[in-house]
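>>> I'll drop the sequence and a predicted model, then ask my questions.
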Amino acid sequence: MNAGILGVGRHVPENVVTNQDLEKKMDTSDEWIRTRTGIEERRIASDDIDTSDMAYEAALNAIEQAGISGADLDLILVATVTPDTPFPSVSCMLQERLGAKKAAAMDISAACAGFMYGLVTAKQFIESGSYKNILVVGVEKLSKITNWDDRNTAVLFGDGAGAAVVGPVSIGKGILAFELGADGTGGKHLYQEGEYLVMNGREVFKFAVRQMGESCVNVLEKAGIDKEDVDLLIPHQANIRIMDAARQRLELPEEKMSKTVHKYGNTSAASIPISIVEELEAGKIKDGDLIVMVGFGGGLTWGAIAMRWGR
Ligand code: UT7
């Protein structure tokens, strides 16, 4: 049996912060942000909304779309680096709120690659026959750890959540191949110090361009699929220049790459599942489509998945 996605959901805060809003708060410009990153606006959650609240809304949608209820969940995996508290985990908070009485629950810390780590972990439990319904959530309230006095990072990030229910699908559908990786020697380029996120953007940029392309090529090779058979690339939405580099490595035209970075900025672990939902809503993912997802982030970590959409 294969593991695939049975339902998805997303939730983003209502509050839109545009580049023009940021121009008023710091020494930056819409032109700089747009040309260097592709970001036009992002969503920032209000003080009374925490990570678990966004995760809960996204999870409800995913569960409904999968046609199950919270009580059917066997396991909850939440990828986040901005949990409400170190413990209890966000996954345990969801377990209570969703009434997922029989579900085990744990958070995954793999930064922006977290949703890839979550899907691949879920796949193991599904394919071993241990579990049937696994909720995987990617969620961040990055605004909590954003230093608004640091223009190098403050313009890049946004808040949001995306979720998927993973379960058994027919052979030939679902996750066909994956690659996960980590390089702790690069941890010094992207980390949290005290209350704030700190980043050496240039180093992360170089790593991301190399690793995203490499991982995409590797998963296609593992799945035995040619580049020209890819219907949609869903890269982690960090920076349009990094995303385009991965796309060019697969020799894909612009319309075969998911792009939501202009609307939401970099939402870390949430960016890939949010993009999946948006592409489904836009009719750009159809049953049987071959999708490549790829993420990278602090750790350093990375992960890629080749998936045949459908049940
Ligand atoms: O999810 C993973 C997390 N991180 C990433 O994916 C980030 C990866 N890195 C990047 O996306 C890019 O490196 C950045 C977008 C962060 C920066 O782009 P860059 O082309 O690498 O710019 P840079 O760091 O080389 O900086 C160019 C200039 C600098 O000025 P000087 O030293 O040349 O005078 C910066 O001070 O741009 C300046 N700068 C800004 N100017 C206006 C940096 N941030 C801003 C800003 N507004 N917000």
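Received the coordinates, thanks.
>>> quick one: the helices in the stretch 151-300 of the chain?
151-154, 201-223, 240-249, 261-264, 271-281 (DSSP state H, counting those that start in this stretch).
>>> just name the most buried of the ones you listed.
helix 271-281 (a mean of 24; mean count of other CB atoms under 10 Å). The way it works is simple: take the backbone N, C-alpha and C, and place the C-beta from them, glycine included.
>>> about what we covered before: I'd like the helices of the stretch 151-300 of the chain as a markdown table, with distance to the ligand and mean pLDDT appended.
Formatted as a markdown table, those follow (distance: least, CB to the nearest ligand atom, whole Å; pLDDT from 0 to 100):
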| stretch | distance to the ligand | mean pLDDT |
| --- | --- | --- |
| helix 151-154 | 4 | 96 |
| helix 201-223 | 3 | 96 |
| helix 240-249 | 6 | 96 |
| helix 261-264 | 10 | 98 |
| helix 271-281 | 8 | 98 |
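>>> okay if I get the ones you listed as CSV plus distance to G67?
Rendered in CSV, the data for the helices of the stretch 151-300 of the chain read as follows (distance: least, CB to CB, whole Å):
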stretch, distance to G67
helix 151-154, 40
helix 201-223, 28
helix 240-249, 33
helix 261-264, 27
helix 271-281, 15
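>>> what about those helices, which gets the closest to R36?
helix 240-249 (7.5 Å; CB to CB).
>>> need the contact partners of that closest one.
When contacts are defined by CB atoms under 8 Å, 6 or more residues apart in numbering, helix 240-249 is touched by residues 36-38, 205, 208-209, 212-214, 216-217, 233, 235-237, 254, 256-257, 259, 261-262, 294.
>>> what do you get for stretch 278-295?
8, 10, 112-116, 119, 173, 212, 215-216, 219-220, 225, 229-236, 246, 250, 258, 260, 269, 271-272, 276, 302-310.
>>> let's see 7 Å
Contacts with stretch 278-295, where a contact means CB atoms under 7 Å, 6 or more residues apart in numbering, come from 8, 112-113, 115-116, 212, 215-216, 219-220, 225, 229-236, 246, 258, 260, 272, 302-310.
>>> can you check stretch 37-53 too?
Residues contacting stretch 37-53 (CB under 7 Å, 6+ apart): 12-13, 15-19, 33-34, 54, 80, 82-84, 90, 93-94, 139-141, 143, 155-160, 239-240, 261-265.
>>> which residues are in contact with L233?
With contact set as CB under 7 Å, 6+ apart, L233 has these partners: 246-247, 250, 252, 256-258, 292.
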